[in-house]
Structures are given as C-alpha cells and as structure tokens.
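# have a look at this prediction, sequence included:
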Amino acid sequence: MEKRQYLQFINEGYGFEFYLNLVGFVADFNGSYPTEREFKTILEENGVAYTAIRRHKLKQMYPEMFAKQHQGHEDAKQYQFDLDHQELGVQRVYYAYSQPELVDEQGATCLTTTTPTFVTRQPRYRLFDNSGQYYLFDVPQDQFEQQLNALPTEVLDFEQPHVAGILMLIEQVKQLGYTVVGYHLSHIESYPVVEPALLTALINHQQETHQPTFEPINDLLNIKTDYRSLLCYDDQLKIPVFNKESSQQFGRDDELYFKIRDAAGQVVFDRLTLDILGTILFCVGQQLPLEQIQAAFLTDPKASFKAGEDYFMYDRLACSAEVPIETLTDIKKVALCSVDTTQTISEYWRWSPRDLMRYGKAIMPEDFGQPAPAAALMLAFNQQLTNALRRILKQSAWQVRKATRQFLVLEDVVNVDLALEDSQSEEALSAAQQIYAAQMKTAAETRYDLLVDGQCVLQEVPLDELLPAIMEFANE
C-alpha cells in the first residue's frame with residue numbers, strides 16, 4: 001500500500017484498529033509485547049491519538065502486556081498500575097503564572113489591580129474516581145508525585161475549610177455593633193433573557209422614575225404561549241424579553257447566604273456566600289469603607305457588560321427565615337429552615353448556553369446602570385486593605401506571597417507515568433504564549449501562599465480562604 005493510501009486509511013478512522021491488531025502480531029513475532037510508551041509513540045507518529053478509551057481497548061485485548069510491563073519494572077515508578085487497580089483517573093490543567101510577589105512593606109498590594117504579565121506555564125493535577133469525586137485538586141507536580149506514593153482516600157468537599165476563622169471574624173465585628181444572619185434560597189424558575197439591551201433599558205427606566213423594583217414576570221404584559229415556550233413581551237415595543245423554554249433544566253441546589261447588619265439594624269451587605277463572608281468580615285473588622293468593600297468584592301457593574309457577547313439568565317427564588325449566626329451550629333441550622341414561596345426575590349447571572357453554566361457574580365436589579373467605581377478610589381482601598389493585612393502579618397512574622405494565574409487548557413491523562421515523564425513542573429512562556437494567555441476569555445485569578453517560618457502552610461488559595469485562615473492560625 002502506498003504511503004498516501006495508508007494515511008487516507010488512518011484518517012478514515014481505521015488507524016487505531018490496525019495498530020491494535022499489530023500489537024499481537026509483534027508479540028507473536030518477537031516473543032514480547034511493545035511497551036505502552038512504544039505503542040503510544042507509534043500511534044502519534046502516524047497521526048492517531050492515544051486516548052483513555054483506546055487504552056482501555058488495548059488493556060482488554062492484551063491484559064498480559066500491562067501485567068508484564070509492571071512486573072518487568074519493579075524499580076521504576078508505576079503509578080498508573082495502582083490507579084488502574086483502584087479505578088482512579090487523572091486530569092492535568094495548565095495555567096500561565098505571573099512572577100510571584102511578597103505582600104510586604106516593599107512588595108505587592110493585596111489585590112491585583114494591573115494587567116498581569118504571565119511568565120511561566122505550570123501543570124496542576126487532579127485525582128478523581130468513576131463517580132466524579134475528587135481526591136486531589138490543582139496540585140503542583142512535585143506534590144502530586146508524593147501523593148501518588150500513598151494515594152489519598154478522603155474525598156474533597158470543596159467547602160470553606162476555615163469556618164472557625166469566620167466565626168472569629170463574626171465575634172470581632174460584633175464588638176463594632178455588626179451582626180450576621182444566615183438564610184437560604186430555593187430556586188423556583190429561570191428565564192433566559194432574549195433581549196439583554198431591552199431588559200437593561202426597562203430596569204433603568206424603573207429606577208429613573210423611582211418606581212418599585214422592576215419584577216419582570218409581574219411587570220411585563222402580553223404573555224404569549226405556544227407549544228414550545230412562554231414569551232414575556234414589553235407592552236410598548238412588542239419585543240420578547242424572556243423565554244421560558246424548558247426553564248426547569250436551569251434549576252440549582254439550595255445555597256446558604258448571609259447578611260450583615262449594622263448597629264441600627266440596617267442591612268449593609270447581603271447575598272454573601274460562606275466563601276466570601278470571611279473576606280467581607282475581615283474588611284469590616286478593619287473598618288474599611290463599606291461602599292468600597294461593596295465595589296471591590298460584590299459589584300458587577302453595567303460598565304463591564306459587553307453588548308452582543310453576554311447572555312443572561314433571570315432567576316426567581318424563594319427565601320427562608322433568617323438565623324442569627326454566632327456558632328457552627330447556627331450555620332448548620334440555616335439549611336433546615338423552610339422557605340416561603342410567596343416571598344420571591346430576583347437575580348440575574350451571566351450565562352453560558354454552551355455549557356449550561358452561570359458565571360461571574362449574581363447581578364441584582366439595582367446593579368443595572370451602576371457606574372464602575374473610580375479607579376483612584378479602588379487604588380486607595382487596595383492600599384488600606386494591604387496595610388491592614390501587613391499589620392497582622394508583622395505581628396506573627398508571617399509572609400504572604402501572591403501570583404496571578406490564567407487557565408490555559410484541561411486535558412485527561414491517559415497514563416500518568418508517561419505524562420509525568422514528559423511534563424516539566426515549570427517552563428518559561430514564549431512571547432507568543434504570553435500574548436495567548438493575556439487574550440484568554442476566562443478571568444485570571446490571584447492566588448496566595450501563606451509562609452510560616454519560611455515553610456508554605458497554605459498554597460495557591462484564593463483571598464476568601466487566606467483571610468479567615470490567617471485569623472484562625474493567629475488564635476491557635
């Protein structure tokens with residue numbers, strides 16, 4: 001067969017089956033099987049991808065190939081053999097990283113306010129089982145290899161790990177006259193927004209005329225139904241604003257939320273998740289300006305919306321009774337409260353129709369039309385927050401190191417032994433790769449390390465985890 005005909009044979013999808021059968025022929029002819037690396041190399045040199053499904057087929061057809069491969073290399077690392085035995089899988093994520101900086105007297109500020117320059121590309125690893133539960137998540141390569149020597153058995157729960165620190169912060173702000181209450185929301189229904197620009201105009205009109213909060217399902221008239229959907233029309237323009245087509249697929253589990261009230265009982269912060277509660281309480285406890293706290297961490301202003309690029313989802317939710325929060329038991333009580341479906345509230349989310357995911361921050365009706373906070377004001381707030389953090393770190397002789405990272409790619413690892421051999425724990429980005437990382441649509445995120453006596457006790461955690469952890473460690 002000519003090479004051109006053979007390549008066409010591969011491209012038509014028959015290439016892998018050909019090489020799969022070739023393994024048996026080689027074994028019969030040579031008296032031994034090729035190694036998995038040799039098989040993978042042959043496939044890739046001929047334009048055939050080596051995937052997890054294809055590896056499974058190879059194992060099913062030639063189980064003795066894998067058994068002998070393991071037995072013949074007792075001194076070599078054979079992590080994949082153990083992973084196969086326990087039916088565990090591995091994913092590898094590549095991030096672009098900026099140069100790490102210390103948040104100290106001469107170093108960086110707490111928040112990243114400038115566009116980062118990405119200089120390295122680093123892999124992070126995730127270990128999971130067949131049910132999708134993770135045992136390791138975004139672990140650096142050296143730590144991942146150490147963990148593979150004794151595979152973890154505890155499933156990650158992704159809950160806020162420093163609730164004790166949050167409770168300490170609640171006690172701290174209590175001395176300033178603030179109280180915290182918890183509640184939860186239950187999803188009722190969702191509507192994809194057909195016309196975001198019209199929705200914004202309607203909400204702005206309500207606010208400019210000082211009318212009550214715009215409630216689309218009640219305020220929009222001429223609701224029209226057909227066999228597929230329910231459309232809500234603006235009465236003036238006759239343009240559909242919402243589409244309730246298959247809205248139940250957008251439902252979500254109940255979420256715990258928290259409010260902070262001042263000494264007069266006025267709500268100063270609302271719709272706080274447990275994750276971000278510690279950050280807000282830390283700022284309140286350091287007596288930073290409340291409006292600037294809101295702008296820095298909780299506002300998703302209209303100025304950041306991109307016409308034609310954003311999709312929105314409108315949610316209606318029912319609210320439970322409120323529980324005053326002082327202890328861990330109080331937090332657990334919140335989820336047990338019943339909800340009143342006659343008391344509904346509204347929120348909007350940026351929405352990805354492709355992966356059916358909400359992203360960003362919840363957008364309240366009052367957020368529409370809000371201007372972006374002044375840059376100078378936010379720089380001053382960043383410096384105040386940084387000074388407060390530095391004072392605490394100085395008392396304990398601790399250090400905080402930060403870097404910004406940008407997601408690049410997520411890939412399934414077919415054979416972890418081969419992947420670790422081929423991967424570097426860190427490599428410099430080329431100029432072209434730096435441009436690519438800077439143009440990624442996913443938001444870059446700042447991550448922090450906490451150093452105690454030069455040892456890293458927290459690695460690559462978000463600010464929402466760092467601040468309550470510092471409070472917790474300081475009181476041990």
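That came in fine, so what should we check first?

# CA atoms for contacts and neighbours, from now on please.
Noted.

# contact partners of the longest strand anywhere in the chain?
Counting by DSSP state E, the longest strand found in the chain is strand 398-413. Here strand 398-413 makes contact (CA atoms under 8 Å, 6 or more residues apart in numbering) with 52, 89-104, 112, 116, 118, 393, 419, 437, 440, 442-453, 460.

# show me what the longest helix anywhere in the chain is packed against.
For the chain, the longest helix by residue count, based on DSSP state H, is helix 375-396. Packing partners of helix 375-396 (3 or more CA pairs under 8 Å, 6 or more residues apart in numbering; DSSP states H and E): helix 290-297.

# how about the helix it packs on: buried residues?
292-293, 295-296 (16 or more other CA atoms under 10 Å).

# with stretch 96-107 instead?
By 16+ other CA under 10 Å, the buried positions in stretch 96-107 come out as 96-98, 102-104.

# next one: the longest helix of the chain to chain centre, how far?
Mean C-alpha position of helix 375-396 versus that of the full chain (CA atoms, centre = their mean, to the nearest Å) differs by 25 Å.

# and what of stretch 339-352?
Going by CA atoms, centre = their mean, where stretch 339-352 is centred and where its chain is centred differ by 22 Å.

# mark which of the buried residues of stretch 96-107 are part of strands, please.
Using DSSP E, the buried residues of stretch 96-107 in strands are 96-98, 102.

# endpoints of stretch 267-281, how far apart?
End-to-end distance of stretch 267-281 (CA to CA, to the nearest Å): 14 Å.

# how far is that stretch from where the chain is centred?
For stretch 267-281, the distance to the chain centre is 18 Å (CA atoms, centre = their mean).

# can you show me the CA trace of the longest helix of the chain as PDB?
Output in PDB follows, covering the C-alpha atoms of helix 375-396 (Å, rounded to 0.1, in the frame of the first residue of the first chain):
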ATOM      1  CA  ALA A 375     -10.000  53.800  39.700                       C
ATOM      2  CA  ALA A 376      -8.300  56.100  42.200                       C
ATOM      3  CA  LEU A 377     -10.900  55.200  44.900                       C
ATOM      4  CA  MET A 378     -10.200  51.500  44.400                       C
ATOM      5  CA  LEU A 379      -6.400  52.000  44.500                       C
ATOM      6  CA  ALA A 380      -6.800  53.700  47.800                       C
ATOM      7  CA  PHE A 381      -9.000  50.900  49.100                       C
ATOM      8  CA  ASN A 382      -6.400  48.300  47.900                       C
ATOM      9  CA  GLN A 383      -3.700  50.100  49.900                       C
ATOM     10  CA  GLN A 384      -5.800  50.300  53.000                       C
ATOM     11  CA  LEU A 385      -6.600  46.500  52.800                       C
ATOM     12  CA  THR A 386      -2.900  45.800  52.200                       C
ATOM     13  CA  ASN A 387      -1.800  47.900  55.200                       C
ATOM     14  CA  ALA A 388      -4.300  46.000  57.400                       C
ATOM     15  CA  LEU A 389      -3.000  42.600  56.200                       C
ATOM     16  CA  ARG A 390       0.600  43.700  56.700                       C
ATOM     17  CA  ARG A 391       0.000  44.800  60.300                       C
ATOM     18  CA  ILE A 392      -1.400  41.300  61.100                       C
ATOM     19  CA  LEU A 393       1.400  39.500  59.300                       C
ATOM     20  CA  LYS A 394       4.100  41.600  61.100                       C
ATOM     21  CA  GLN A 395       2.700  40.600  64.500                       C
ATOM     22  CA  SER A 396       3.200  36.900  63.600                       C
END
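
# check which residues of that helix are buried.
Here helix 375-396 shows 378, 381-382, 384-390, 393 as buried, counting by 16+ other CA under 10 Å.

# what's the answer for stretch 154-161, then?
For stretch 154-161, a neighbour-count test (16+ other CA under 10 Å) marks Gln160 as buried.

# and that stretch, how far from the chain's centre?
14 Å.

# gap between the two ends of that stretch?
End-to-end distance of stretch 154-161: 14 Å, with CA to CA as the criterion.

# hmm, who's touching it?
133-136, 274-275, 465.

# ok, back up a step: same question for the longest helix of the chain, mean pLDDT?
What helix 375-396 shows for mean pLDDT is 88.

# any idea of the angle it forms with strand 398-413?
110 degrees (axes from the mean of the first three to the mean of the last three CA atoms, to 10 degrees).

# quick one: work out the angle between helix 375-396 and helix 290-297.
Counting by the same axes, to 10 degrees, helix 375-396 points 90 degrees away from the direction of helix 290-297.

# quick one: contacts of helix 375-396?
Residues outside helix 375-396 that contact it (CA under 8 Å, 6+ apart): 103-105, 109-111, 113, 283, 286, 288-289, 292, 296, 399-400, 474.

# ok, of the residues you listed, which one's closest to Lys59?
Lowest distance from Lys59 to the contacts of helix 375-396 (CA to CA) belongs to Val400, with 47.0 Å.
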